[in-house]
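Undergrad: Coordinates for the following, if possible.
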Amino acid sequence: MFRNLRTLVPSTHSLIQRFPVSGTAKGKGKGKDKAGQPLKRSIIPKKKPSGSGGSGGRGRNAASELTRMAESCLNAPAPLRYLSPKDRQREAEREKLGLISKQRQREMDQAKEKAASPSHDEAFLMGTPGLDYISLGLVDADKIPEYKLTVEDGRRLAKEYSRVLMRKHRARQAAETTLLRLKKEAIAALPEKLQAAALVPDFTPFPANRFMATLTPPIEGYIEKVKEAAKKSVGKEKLR
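TA: Numbers count the residues shown, from 1 in each chain. Model prediction:
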């Protein structure tokens, strides 16, 4: 019986601390190095808040740039302002007094930029610089004809272009009318039994393995002869 109790009750030496756990502040002194100096406790650096530092500055700059971009898109001025004659007169009177609105200043800046940009009358290169026809020497720049068109010339060319388009359109309509007439005549030339079948539209897809239309009838056995010649040439190359 006592033997069974000994097995159930743990021995007293198992509850006694035989080795020190660590040199912490819980009743124990700090550890010392080989020279006898107390060991310095390692300090973990604290993280800086996200608002300070380079990354925070970049975040603020990106947010401000996005806000500025959204405001510029929402408050973008119209490319062309519409003003009534009365408003134009008022704006001219304000300009005489030295009062210029932002919209008017923007129009004046655009006019200056357009005047400073090269005019369309000057010759300019088309294509990649250095690879265009003039730089390669294929075209002589002095021999290129110059065209100075006026408003009347533009209107005359537009009318002529419209006539050409209408001529093409009428020719296409005449061709379609001729095709329909020939189709009806071909159906009428068929026997009465086949006319009903010819009037039913056929929506079956065109066969993919069908040969294209040719002006002359195909030569029988031509493809087979070509394949045989190709096989013989391949065999000769292998023997070499």
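Undergrad: Show me what the top helix by length along the chain is packed against.
TA: For the chain, the helix with the greatest residue count under DSSP state H is helix 151-189. Applying 3 or more C-beta pairs under 8 Å, 6 or more residues apart in numbering; DSSP states H and E, we find helix 151-189 packed against helix 192-198. In short, each C-beta sits where N, CA and C put it, glycine included.
Undergrad: which of the residues in the helix it packs on are buried?
TA: Within helix 192-198, no residue is scored as buried using 16 or more other C-beta atoms under 10 Å.
Undergrad: following it, which helix or strand comes up?
TA: Once the chain leaves helix 192-198, the next helix or strand it forms, by DSSP states H and E, is helix 222-239.
Undergrad: got the contact list for that following helix?
TA: Outside helix 222-239, not one residue touches it by C-beta atoms under 8 Å, 6 or more residues apart in numbering.
Undergrad: same check, this time on stretch 72-87
TA: Here stretch 72-87 has contacts from 91, 102, 103, 106, 107, using C-beta under 8 Å, 6+ apart.
Undergrad: change it to 10 Å
TA: With contact meaning C-beta atoms under 10 Å, 6 or more residues apart in numbering, stretch 72-87 is reached by 88, 89, 90, 91, 101, 102, 103, 104, 106, 107, 110.
Undergrad: and which of the residues you listed is nearest residue 174?
TA: Nearest to residue 174 among the contacts of stretch 72-87: residue 110, at 50.1 Å, using C-beta to C-beta.
Undergrad: Distance check, residue 184 against residue 202.
TA: To residue 202, residue 184 is 17 Å away according to C-beta to C-beta, to the nearest Å.
Undergrad: neighbour-wise, which of those two wins?
TA: Between residue 184 and residue 202, counted using other C-beta atoms under 10 Å, residue 184 has the larger neighbour count: 10 against 6.
Undergrad: In terms of pLDDT, where does that one sit?
TA: Looking at residue 184, its pLDDT is 93.
Undergrad: what's the answer for residue 28, then?
TA: For residue 28, the predicted pLDDT is 50.
Undergrad: which intervals of the chain have sub-threshold pLDDT?
TA: Applying pLDDT under 70 to the chain picks out residues 1-57, 77-79, 117-127, 237-240.
Undergrad: Let's see that with 50 instead.
TA: 1-2, 5-7, 9, 12-14, 27, 51-53 (pLDDT under 50).
Undergrad: still on that earlier bit, please flag which of the contacts of stretch 72-87 sit within strands.
TA: Using DSSP state E, the subset of the contacts of stretch 72-87 located in strands is empty.
Undergrad: Among those, the buried ones, what's the ChimeraX command?
TA: To isolate the buried members of the contacts of stretch 72-87 in ChimeraX, using 16+ other C-beta under 10 Å:
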select :91,104
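Undergrad: Distance to residue 168 added to the contacts of stretch 72-87, as CSV?
TA: Listed next are the contacts of stretch 72-87 as CSV, based on distance: C-beta to C-beta, whole Å:
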residue, distance to residue 168
88, 45
89, 50
90, 52
91, 49
101, 51
102, 50
103, 46
104, 48
106, 45
107, 43
110, 40
